[in-house]
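*Asks:* missing the sequence, but the structure's below:
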Ligand SMILES: [Fe+2]
């Protein structure tokens, strides 16, 4: 059966994509951001997922204000890049996984979550920036390392879904994935945030205390986050901080207890707090794969290539940063 092995939270700041596309990653301002994802990329190369489900929001690229679905699942075979602002990014067309996506749509809708099924959809920086941060720079003429199922969430026009609704949708997605017969290893991304506000008297707002508490609870007490009302996000994390509810879809799709593999936080990037976390489900039948501290971590690299590959598929390593 298919199985979700890990969840990834990542900001999707458009300026990060522009910095990458315009060769600015070594500039001190941007190096501070990109260096925080180097270990994550190494983790991803080792994890080698078969499919990624990426929860993000569209920024008037695929949907205008004429039609704004609350949850839109991409079931197409491919998703061309599009974008507002800087225009379409020079990244490869994203290959989908129509069979698994359609299976998720069926399972989740029959579980009474009313997804919009998108058999044609363009995807913007909300999805492709986190892909670059985790998969690295990929030439436009090349291919992303795995197929992707986009899940676009409305966080741009009131009312967005509640955090609780997102958390429960994550659980329904997990159930759907685990009822898919093919033996696939799936990762799920929650993107957006963290605290930021791009307009109005509070433009530039960043609340690091709130963000770090959110990451702590995401790791250990996600049910607490599921109770946070919209107004708290707006007040504490800024108008665009509401994007953080999308991380709860990712978290709902994971086990109750997970191993925190990695965390990174820096401010600012284009007036936005950048947050990132990797949470791994424990292999079935084990208590923990995480190293709880650098001191506690014994040398654990298997000697042979076969063992190394087996370990990469069975476990997820904690990395320190
Ligand atoms: Fe966004």
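*Replies:* Yes, it's here. Please read all numbers here as calculations on a predicted model, not as lab measurements.
*Asks:* Below-threshold pLDDT in the stretch 201-321 of the chain: ranges please.
*Replies:* For the stretch 201-321 of the chain, applying pLDDT under 70 flags the ranges 286-321.
*Asks:* Quick one: the helices in it, in order.
*Replies:* Along the stretch 201-321 of the chain, the stretches classed as helices by DSSP state H, counting those that start in this stretch are 208-220, 222-225, 230-237, 245-252, 305-314.
*Asks:* Of those, which stretch is the most buried?
*Replies:* Highest mean neighbour count of the helices of the stretch 201-321 of the chain: helix 245-252, a mean of 29 (counted as mean count of other CB atoms under 10 Å). Quick note: C-beta positions are derived from backbone N, CA and C, even for glycine.
*Asks:* who does that one touch, helix- and strand-wise?
*Replies:* strand 3-10, strand 51-56, strand 148-153, helix 163-178, strand 185-191, helix 208-220, helix 222-225 (3 or more CB pairs under 8 Å, 6 or more residues apart in numbering; DSSP states H and E).
*Asks:* same thing but at 10 Å, please
*Replies:* Judged by 3 or more CB pairs under 10 Å, 6 or more residues apart in numbering; DSSP states H and E, the packing partners of helix 245-252 are strand 3-10, strand 51-56, strand 148-153, helix 163-178, strand 185-191, helix 208-220, helix 222-225, strand 272-280.
*Asks:* returning to what we had before: mind checking which of the helices of the stretch 201-321 of the chain is nearest residue 129?
*Replies:* helix 245-252 (13.6 Å; CB to CB).
*Asks:* Specify the local secondary structure of residue 117.
*Replies:* Under DSSP: H, G, I helix; E, B strand; the rest coil, the three-state class of residue 117 is strand.
*Asks:* That one against residue 74, yeah?
*Replies:* Yes: taking contacts as CB atoms under 10 Å, residue 117 lies within contact range of residue 74: 8.8 Å.
*Asks:* circling back: between the helices of the stretch 201-321 of the chain, which one is closest to residue 90.
*Replies:* helix 245-252 (25.2 Å).
*Asks:* related to what we said a few turns ago, kindly reformat the helices of the stretch 201-321 of the chain as TSV containing distance to residue 32.
*Replies:* Supplementary listing: the helices of the stretch 201-321 of the chain in TSV, determined by distance: least, CB to CB, whole Å:
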stretch	distance to residue 32
helix 208-220	15
helix 222-225	27
helix 230-237	21
helix 245-252	22
helix 305-314	29
